[in-house]
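Participant: Just need the structure, nothing else, for what follows:
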Amino acid sequence: MDRINEIAKRSAERFGLILVECLVLGDRIEAVIYRRGGIVGIKDLENVTREIQSELFSVGLEGAYSIAISSPGLSRVLKTREEIDIFAGNEVKVSFKVGENIIKEEAILEGFSGDNVVFRKNEKKLEVPFDKVVKISLYNRLLEKRGGKK
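Facilitator: Okay, the predicted model is just below:
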């Protein structure tokens, strides 16, 4: 699995992309790739798929796996500290605990400061201890107003 993850990571990086997630489910590789400051197009998905296939061939694993590459999606839930760093600068919906209450906000994700996740809302910084975060998901206000996913 580590070998497959490294192959997927190298393959994405060859095209200026970031590997966000890579899962090996039986004979299927499912990977999510991202381009900071840009979009992931169909050509990117095809290029990374071909590159992974080529690398698998070079290590004697040709035909051993089917490959599914995708972009993160507009409402992806961020699951790890690494994903929070990858998606810094993006608009998000965040839920976090304050005492017994759960607060929900829309803000710009700025990343980490020590053990706190930092957000910007109305030009003010909001720092939330990572262990108090319930959920962070990508969000696009413009698409939601046009009737896109919520």
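Participant: Grab the CA positions of the strand ranked longest in the chain and hand them over as CSV.
Facilitator: Scanning the chain for the strand with the most residues, using DSSP state E, yields strand 101-113. Extracted as CSV, the C-alpha positions of strand 101-113 are listed here (Å, rounded to 0.1, in the frame of the first residue of the first chain):
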residue,chain,number,x,y,z
ASN,A,101,-22.4,24.0,22.0
ILE,A,102,-21.5,23.4,18.4
ILE,A,103,-20.8,26.6,16.4
LYS,A,104,-21.1,26.7,12.6
GLU,A,105,-19.3,29.3,10.5
GLU,A,106,-18.4,30.0,6.9
ALA,A,107,-14.8,31.3,6.6
ILE,A,108,-11.5,31.2,4.7
LEU,A,109,-9.3,28.5,5.9
GLU,A,110,-5.8,29.8,6.6
GLY,A,111,-4.1,26.7,8.0
PHE,A,112,-2.4,26.0,11.3
SER,A,113,-0.9,28.0,14.1
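Participant: Could you identify the helix or strand that succeeds that strand?
Facilitator: Sequence-wise, the next helix or strand downstream of strand 101-113 (DSSP states H and E) is strand 116-121.
Participant: What helices and strands are in contact with that following strand?
Facilitator: Counting contacts by 3 or more CB pairs under 8 Å, 6 or more residues apart in numbering; DSSP states H and E, strand 116-121 is packed against strand 91-98, strand 101-113, strand 124-129. Where C-beta positions appear, they are placed from N, C-alpha and C, glycine not excepted.
Participant: Help me confirm that Ser11 is found in a strand?
Facilitator: No. Looking at Ser11 with DSSP: H, G, I helix; E, B strand; the rest coil, it is helix, so not inside a strand.
Participant: what's the burial count for it?
Facilitator: 25 (other CB atoms under 10 Å).
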